[in-house]
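Novice: Pasting a predicted model and its sequence here:
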Amino acid sequence: MLGRRLSTATIMFHAAVADRQGVSVTDAKCRSLVLQQGPKTAGYLALHLGLTTGAVTGVIDRLVRARLVRRVVDPKDRRRVVVEPVLNRKRDQEVAQLFEPMGKRVVALTAAYTKHDQAIIVEFLTKACQILEEETLRLRAKR
């Protein structure tokens, strides 16, 4: 039950951040993938967001209109288009400020643990992320 609570709290927090940016949580997560992993094709984004390629086209269109991403020719294969983030210092700082209070609280929480305990927490969270990513792909592949 604690895992469910953490998952729900995380999703609700990200939905609130997306609302403040004027986009949907799916749109925000799409941009987040591109920020974290670099330029990606629409097909890659569709797979990792669990959307059809048609639906992800709508997500990308909205993000392009909001000037959060842009479509560019893939430098490795000029026949393909990739989606890359559009960086805007002022807007990105405003988004960072949305995360700042939570970040400070998590840093304070982490500081209450020993370095050894922090290493265990990092290891656990890293492995939990890997499991979640793998299981998400497994579930998406069985459609």
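Specialist: Yep, it's here.

Novice: Only C-alpha atoms from now on, for both contacts and neighbour counts.
Specialist: Fine.

Novice: Tell me the pLDDT of the residue of the chain most remote from its centre.
Specialist: If you look at how far each residue of the chain sits from its centre, by CA atoms, centre = their mean, the farthest one is Thr114, at 29.1 Å. As predicted, Thr114 sits at a pLDDT of 97.

Novice: quick one: contacts for it?
Specialist: With contact taken as CA atoms under 8 Å, 6 or more residues apart in numbering, Thr114 is in contact with no other residue.

Novice: Ramachandran coordinates for it?
Specialist: Main-chain dihedrals, Thr114, degrees, to the nearest 10: phi -70, psi 160.

Novice: Over to the one 5 residues further on?
Specialist: The phi/psi pair for Ala119 (degrees, to the nearest 10) reads phi -60, psi -40.

Novice: Quick one: residues in contact with the strand or helix carrying Val72.
Specialist: Counting by DSSP states H and E, the element that carries Val72 is strand 69-74. Applying CA under 8 Å, 6+ apart, the contact partners of strand 69-74 are 31, 60, 63-64, 79-86.

Novice: Which among those count as buried?
Specialist: Among the contacts of strand 69-74, those scoring as buried are 31, 60, 63-64, 81-86 (criterion: 16 or more other CA atoms under 10 Å).

Novice: So which bits of the helix or strand hosting Ala96 are buried?
Specialist: Element membership for Ala96 (DSSP H and E) is helix 89-111. Judged by neighbour count (16+ other CA under 10 Å), helix 89-111 contains these buried residues: Leu98.

Novice: now stretch 46-61
Specialist: Residues of stretch 46-61 classed as buried under the neighbour-count rule (16+ other CA under 10 Å) are 46-51, 56-57, 59-61.

Novice: if I've got this straight, Arg78 is in a strand?
Specialist: Yes: judged by DSSP: H, G, I helix; E, B strand; the rest coil, Arg78 forms part of a strand.

Novice: separation between it and Val69?
Specialist: Separation of Arg78 from Val69 (CA to CA, to the nearest Å): 19 Å.

Novice: of those two, who's got more company?
Specialist: Val69 (22 against 10; other CA atoms under 10 Å).
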